[in-house]
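Asks: Have a look at this fold, sequence not included:
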């Protein structure tokens, strides 16, 4: 999407932000050279319209690309010409000599018996935790919930299962439903001052069966609840900086 302001051409786009996090989202995009144009605040999320000047493509770049193509064509022509001289190559070994060599090798008894495969007792951990995965431990301590490290981790471990202590930082109705919610989940204990780690989210779930409670199930759950989560990695949503998870087990702590 493009726009013009005088002689400057802009590219614009719209990104989403969780209610209450518009300022942090705008700051993240501003650090990448984007300018906030407008904010459309909704009940659950907000839409931020941002823009930045389009980079000018120098004509010299096109000339360089043409030169590279010409060089590649010349290399291919030379390689095809060299393949035509294969008639001077040495003849391959005759089938009879190959068979004799093979028979001689097979007839020689082996002095060393084949070694038995060494069994391994190590097994990959069932769940990714901060104790067995330093990468995940560093992720839970991040102060930038839009860090590119989060996107890289989500992509590398998609479909895997994570386990961590966390809390519910926000709880909104999903599309106006009365029993379906979007849970914003943070790492560690709930605090009104700081919220380290990614902005995890359970999207479109109810507070009972979908959370798969283990142990004693609380009478109610909401913002500020400190819980233990086991969840499957879905994907990282770069437009909103949300790290989507699917609940596997939830327990009160």
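Replies: Happy to help now that I have it. Note that the structure is predicted; figures quoted are calculated from it, not measured. Numbers count the residues shown, from 1 in each chain.

Asks: use CA for all of it now, contacts and neighbours both
Replies: OK.

Asks: What ranges in this protein fall below the confidence cut-off?
Replies: 1-6, 56-63, 84-125 (pLDDT under 70).

Asks: Could you pull out the strands in it for me?
Replies: 2-5, 8-18, 35-41, 45-53, 161-173, 181-187, 199-205, 226-237, 242-252 (DSSP state E).

Asks: among the ones you listed, which is nearest residue 133?
Replies: strand 161-173 (9.9 Å; Cα to Cα).

Asks: what angle do the closest one and strand 199-205 make?
Replies: Orientation note: strand 161-173 sits at an angle of 70 degrees relative to strand 199-205 (axes from the mean of the first three to the mean of the last three Cα atoms, to 10 degrees).

Asks: Compute the first-to-last residue distance for stretch 201-220.
Replies: 19 Å (Cα to Cα, to the nearest Å).

Asks: I would like the residues contacting that stretch, please.
Replies: By Cα atoms under 8 Å, 6 or more residues apart in numbering, the surrounding residues in contact with stretch 201-220 are 174, 179-185, 221, 242-252.

Asks: Mind checking which of those residues are buried?
Replies: 174, 180-185, 242-252 (16 or more other Cα atoms under 10 Å).

Asks: Could I get the strands of the chain in a markdown table, plus columns for distance to residue 29?
Replies: Shown next, in a markdown table, are the strands of the chain (distance: least, Cα to Cα, whole Å):
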| stretch | distance to residue 29 |
| --- | --- |
| strand 2-5 | 17 |
| strand 8-18 | 9 |
| strand 35-41 | 8 |
| strand 45-53 | 8 |
| strand 161-173 | 23 |
| strand 181-187 | 21 |
| strand 199-205 | 17 |
| strand 226-237 | 14 |
| strand 242-252 | 15 |
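
Asks: Out of these, which gets nearest to residue 153?
Replies: strand 226-237 (8.9 Å).

Asks: what inclination does the closest one have with respect to strand 199-205?
Replies: Using the same axes, to 10 degrees: strand 226-237 against strand 199-205 is 90 degrees.

Asks: helices or strands next to strand 226-237 in the packing?
Replies: Counting contacts by 3 or more Cα pairs under 8 Å, 6 or more residues apart in numbering; DSSP states H and E, strand 226-237 is packed against helix 148-156, strand 161-173, strand 242-252.

Asks: Give me the buried positions along that strand.
Replies: Across strand 226-237, burial judged by 16+ other Cα under 10 Å covers 226, 227, 228, 229, 230, 231, 232, 233, 234, 235, 236.
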